[in-house]
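Visitor: output the structure for:
(one chain, ligands or ions: 1)
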Amino acid sequence: MSPMTGRTPPAITERTAAFWTGGATGELRVTRCQTCGWWLHPPLPVCRRCRGRDIRPEATSGRGTVWSYTVNRYPWSGAMEPPYVIAQVELEEQPGLRLLTSLVDCDQVTIGMPVTVRFERAGEAWIPVFGP
Ligand SMILES: [Zn+2]
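Guide: Have a look, this model is predicted:
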């Protein structure tokens with residue numbers, strides 16, 4: 001199962017630009033507190049762990065595991081042809097650091113399955129999706 005191209009481009013703001021454009025260089029970038037090292041996703045202006053304000057995007061490994069998933073069989077958007085898999089992927093950088101994403105290039109999905117990032121182009125954005 002693989003989502004079709006033609007996704008709706010996300011709104012890119014100053015705060016989310018690093019996340020949406022990291023794919024241009026093959027990097028999954030997530031914001032990280034420079035004071036205590038805590039990763040923050042979605043991006044926040046203040047660290048929820050130490051209240052630090054020096055938050056900057058950093059490249060992650062792009063590796064994680066499937067934390068939860070569901071198979072969508074309904075044509076909600078028209079941009080993606082069902083069925084496709086919507087998943088929460090937990091990045092290896094930190095417990096609880098999860099992205100809502102699509103899984104591609106897999107016939108079977110299991111909880112805990114190792115996955116790596118890849119990117120799909122949508123307008124100016126590079127949408128991170130994951131596969132085995
Ligand atoms: Zn912090």
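
Visitor: which bits of this protein sit near the ion?
Guide: Within the chain, the positions adjacent to the ion are 33, 35, 36, 38, 47, 49, 50, 52 by Cβ under 5 Å from the ion. Quick note: C-beta positions are derived from backbone N, CA and C, even for glycine.

Visitor: surely the fourth one meets residue 54?
Guide: Read it as residue 38. No. The criterion here is Cβ atoms under 8 Å, and residue 38 misses it with residue 54 at 11.5 Å.

Visitor: could you check which of those two is surrounded by more residues?
Guide: Legend: neighbour count by other Cβ atoms under 10 Å for residue 38 and residue 54, higher for residue 38 (18 against 10).

Visitor: quick one on the thing from earlier: make a ChimeraX selection of the buried ones in the residues of the chain next to the ion.
Guide: Remark: buried members of the residues of the chain next to the ion, expressed as a ChimeraX selection using 16 or more other Cβ atoms under 10 Å:
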select :33,38,47
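
Visitor: ok, so of the residues of the chain next to the ion, who is nearest residue 102?
Guide: For the residues of the chain next to the ion, the residue nearest residue 102 by Cβ to Cβ is residue 38; the value is 26.1 Å.

Visitor: ok, the residue nearest to that closest one when sequence neighbours are not counted - contacts?
Guide: Spatial nearest neighbour of residue 38, chain neighbours left out: residue 49 (4.4 Å); criterion: Cβ to Cβ, 6 or more residues apart in numbering. Neighbour list for residue 49: 33, 36, 38 [criterion: Cβ atoms under 8 Å, 6 or more residues apart in numbering].

Visitor: now the last one: how far from residue 47?
Guide: Going back to what we said before, that points to residue 38. In this view, residue 38 and residue 47 are 6 Å apart by Cβ to Cβ, to the nearest Å.

Visitor: equivalent analysis for the second one, please.
Guide: Residue 36 sits 6 Å away from residue 47, going by Cβ to Cβ.

Visitor: residue 7 reaches residue 79, doesn't it?
Guide: Yes. Residue 7 sits in contact with residue 79 when judged by Cβ under 8 Å, with a separation of 5.1 Å.

Visitor: ok, these two, which is more surrounded?
Guide: Per other Cβ under 10 Å, whichever of residue 7 and residue 79 has more neighbours is residue 7, with 18 against 13.
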